[in-house]
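J.: Sequence and predicted structure below; questions after.
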Amino acid sequence: METNFRSYVENIMDQTECNQQEKEDMREELLIHLEMSKEDLMRKGMKEKEAERKAMELFGPEKDIGSQMQQSIFPFRKELMLTLSIISFLYTITLYLLLLFNEGNAHIGWLLFSMTTSTLLLCIALNIVVALNRRRWMNSLLMAHLLIYLYGYAIISGFELAAQLPLTISNWIILLLSLLLVYQTTIYEMNFQSGAVKEAKRLHQVNFVSGVIVIGVSLFFLWVGMMLFGGFHPAMAVMMVPFGLWLLLYVGQMKLVKKHKRAAFVLAGISLLGTAVLLVLLFFPSLLTI
């Protein structure tokens with residue numbers, strides 16, 4: 001009896017992303033609820049096994065319950081994921097068709113990567129592939145999506161298209177939504193000791209702001225590069241270095257915050273300094289030549 005309940009509850013827990021202590025608390029609450037429901041049904045005349053089956057049936061399908069619990073842990077993530085995946089699909093198809101008919105250059109490689117990540121994001125939103133709900137997989141996918149659409153911005157900057165402005169706005173929305181979802185997914189991670197949660201959240205907030213700035217500046221310099229080279233040039237890859245450094249520093253901070261808080265905040269300071277240098281380079285380039 002208890003084994004059947006535990007198997008049922010474990011199937012629910014497999015679809016939620018939280019720390020071990022939170023899972024234990026939820027697991028215990030679910031088991032208590034199921035046992036109470038079973039006892040109530042037995043008092044009404046049901047046999048034990050029938051009452052157990054009915055208790056699980058009344059509680060609901062594991063997938064639906066797990067999805068609801070996941071939604072309560074990460075509010076609005078399903079809606080944000082659906083929005084991101086739909087906009088990404090529309091953006092990719094539109095850009096592909098415009099380039100194919102106007103320029104004769106469809107960028108098949110970028111199309112395949114974009115459609116793949118967009119499809120996986122849709123699978124997460126609809127809870128089709130439960131394993132993708134894990135924080136590490138999800139953040140890796142979102143970061144890959146960010147990089148793909150940074151390159152997508154470089155593509156549209158290199159062509160004169162009638163729909164260039166709406167495509168540029170859509171690209172910005174995709175980048176910001178991806179970054180917001182990385183922040184949301186990570187900020188709810190509670191795999192830190194109680195003393196490090198506060199510091200970790202501060203670091204996430206700082207990096208979210210600096211990430212928006214770094215992406216914005218990178219996009220601007222990509223656009224400038226497109227104007228100078230008349231299209232995409234391999235030398236323009238250097239303009240992705242600030243984003244790569246920001247990402248490495250972000251990961252480093254999260255690795256260190258649990259045991260080496262000072263070192264984590266030193267890396268955060270370096271990240272903020274680098275962001276400030278980018279802003280100076282963008283708005284006051286003459287100051288760097290003094």
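T.: Looks like it came in fine.

J.: so how many other residues sit close to residue 96?
T.: A count of nearby residues for residue 96, using other C-beta atoms under 10 Å, gives 17. All C-beta spots, glycine's among them, are computed from the backbone N, C-alpha and C.

J.: Quick one: name whatever helix or strand follows the particular helix or strand that has it in it.
T.: Element membership of residue 96 [criterion: DSSP states H and E] is helix 77-102. Next along the chain after helix 77-102, taking DSSP H and E as the criterion, comes helix 108-125.

J.: Work out the gap between that following helix and the centre of the chain.
T.: Chain-centre distance of helix 108-125: 14 Å, with C-alpha atoms, centre = their mean, to the nearest Å.

J.: Stretch 102-115 now?
T.: Centroid separation between stretch 102-115 and its chain, computed with C-alpha atoms, centre = their mean, is 24 Å.

J.: got the buried residues for that stretch?
T.: By neighbour count, with 16 or more other C-beta atoms under 10 Å as the criterion, the buried positions of stretch 102-115 are 107, 110, 111, 113, 114, 115.

J.: Now name the helix or strand holding the closest residue to the fourth one other than its chain neighbours.
T.: The reference is to residue 113. Sequence neighbours aside, residue 148 is the residue nearest to residue 113 in space, at 5.2 Å (criterion: C-beta to C-beta, 6 or more residues apart in numbering). Taking DSSP H and E as the criterion, the element that holds residue 148 is helix 135-157.

J.: Residue 220 contacts residue 282, correct?
T.: Yes. Contact criterion C-beta atoms under 8 Å: residue 220 and residue 282 qualify, at 6.5 Å.

J.: Which positions in the helix or strand hosting residue 32 come out as buried?
T.: Taking DSSP H and E as the definition, residue 32 sits inside helix 20-43. Along helix 20-43, these residues count as buried under the neighbour rule (16+ other C-beta under 10 Å): 23, 26, 27, 30, 34, 37, 38, 41, 42.

J.: what are the ranges of the helices in the stretch 151-290 of the chain?
T.: Taking DSSP state H, counting those that start in this stretch to define them, one finds helices in the stretch 151-290 of the chain at 164-187, 194-229, 241-256, 261-283.

J.: export those to a markdown table and tack on mean neighbour count, mean pLDDT and distance to residue 97?
T.: Shown next, in a markdown table, are those (neighbours: other C-beta atoms under 10 Å; pLDDT from 0 to 100; distance: least, C-beta to C-beta, whole Å):
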| stretch | mean neighbour count | mean pLDDT | distance to residue 97 |
| --- | --- | --- | --- |
| helix 164-187 | 19 | 82 | 12 |
| helix 194-229 | 17 | 75 | 21 |
| helix 241-256 | 17 | 84 | 28 |
| helix 261-283 | 16 | 85 | 33 |
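
J.: could those helices go into TSV alongside distance to residue 66?
T.: Shown next, in TSV, are those (distance: least, C-beta to C-beta, whole Å):
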stretch	distance to residue 66
helix 164-187	17
helix 194-229	24
helix 241-256	26
helix 261-283	33
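
J.: Quick one: closest of these to residue 90.
T.: Judged by C-beta to C-beta, the one of the helices of the stretch 151-290 of the chain that comes nearest to residue 90 is helix 164-187, at 7.6 Å.

J.: between the closest one and helix 108-125, how many degrees?
T.: Counting by axes from the mean of the first three to the mean of the last three C-alpha atoms, to 10 degrees, helix 164-187 lies at 50 degrees to helix 108-125.

J.: State the distance from the closest residue to residue 114 other than its chain neighbours to residue 151.
T.: Spatial nearest neighbour of residue 114, chain neighbours left out: residue 92 (4.4 Å); criterion: C-beta to C-beta, 6+ apart. Distance from residue 92 to residue 151, counting by C-beta to C-beta, to the nearest Å: 12 Å.
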